[in-house]
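Novice: turn this into a model:
(one chain, ligands or ions: 2)
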Amino acid sequence: MIGKLNHVAIAVPDLEAASRTYRDVLGAQVSAPQSVVEHGVTVVFVQLDNTKIELLHPLGGKSPIQGFLDKNPSGGIHHICYEVPDIIAARERLKASGARVLGDGEPKIGAHGNPVLFLHPKDFNGALVELEQA
Ligand SMILES: CC[C@H](C(=O)O)C(=O)SCCNC(=O)CCNC(=O)[C@H](O)C(C)(C)COP(=O)(O)OP(=O)(O)OC[C@H]1O[C@@H](n2cnc3c(N)ncnc32)[C@H](O)[C@@H]1OP(=O)(O)O
Ligand SMILES: [Co+2]
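Specialist: Ligands and ions are numbered 1, 2, ... in the order given. Model prediction:
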């Protein structure tokens, strides 16, 4: 069911500083910040040869990543995103297996323009999992 690693997301307290680190210290290709209001984050993409890094910062007063940053003020790895060919089929299979699909269970359009869902970290060895139909 899961295919490629689409991205690894890092929640950061200072998006500009994190962007500079990836661009100037690690020599990576870094995008401009992109506000994704529906997801409550501002995101910067770090393009790698074989996957992407998402640098995330809370946007608005109800960001789902604010709690994570409160607990991890220096930031940290927030989630991993796997690609699936059919996100509805994946959702149904996961629900049938007892995994918790977060939110209302309906896919939203993510930062890459594809439908995404999130799975509870407690069901996946403490890792927040995102699925993206690609
Ligand atoms: C721009 C879109 C972009 C894209 O790729 O397209 C994105 O990726 S948007 C990313 C932001 N959106 C989300 O993260 C949506 C899914 N996340 C959530 O629904 C929440 O963050 C949730 C439910 C995972 C955690 O919410 P909250 O922190 O408010 O709840 P708790 O503090 O009660 O946490 C419960 C339990 O889970 C542990 N936890 C929380 N976040 C993480 C995490 N990122 N990785 C691993 N574990 C996490 C937390 O420590 C609690 O554990 P406990 O042992 O009970 O303390
Ligand atoms: Co993501």
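Novice: ramachandran angles for the closest residue to ligand 1 within the chain?
Specialist: Residue of the chain nearest ligand 1, by CB to the nearest ligand atom: residue 110 (2.6 Å). (Each C-beta comes from the backbone N, C-alpha and C, glycine too.) Dihedral angles of residue 110 (phi, psi; degrees, to the nearest 10) stand at phi -90, psi -170.
Novice: what separates the nearest residue to it once chain neighbours are set aside from residue 29, distance-wise?
Specialist: Computed as CB to CB, 6 or more residues apart in numbering, the closest residue to residue 110 that is not its neighbour in sequence is residue 116, at 3.8 Å. The gap separating residue 116 from residue 29 is 23 Å, by CB to CB, to the nearest Å.
Novice: more crowded one of the two?
Specialist: Neighbour count, other CB atoms under 10 Å: between residue 116 and residue 29, residue 116 has more, with 20 against 10.
Novice: isn't that one right next to residue 131, touching?
Specialist: Yes: at 6.5 Å, residue 116 counts as touching residue 131 under the criterion of CB atoms under 8 Å.
Novice: overlap of the contact sets of the two?
Specialist: 81, 87 (CB atoms under 8 Å, 6 or more residues apart in numbering).
Novice: for residue 21, give me the pLDDT.
Specialist: Looking at residue 21, its pLDDT is 98.
Novice: quick check: which element contains residue 112?
Specialist: Under the criterion DSSP states H and E, no helix or strand holds residue 112.
Novice: after the helix or strand harbouring the residue nearest to residue 110 comes which helix or strand?
Specialist: For residue 116, the host element (DSSP H and E) is strand 115-119. Remark: after strand 115-119, the chain's next helix or strand is strand 128-133, criterion DSSP H and E.
Novice: now do that following strand against strand 115-119, angle only.
Specialist: Here strand 128-133 points in a direction 160 degrees away from that of strand 115-119 (axes from the mean of the first three to the mean of the last three CA atoms, to 10 degrees).
Novice: contacts for strand 128-133, please.
Specialist: Contacts for strand 128-133 (CB under 8 Å, 6+ apart): 2, 6, 9, 78-87, 90-91, 107, 110, 112, 114-121.
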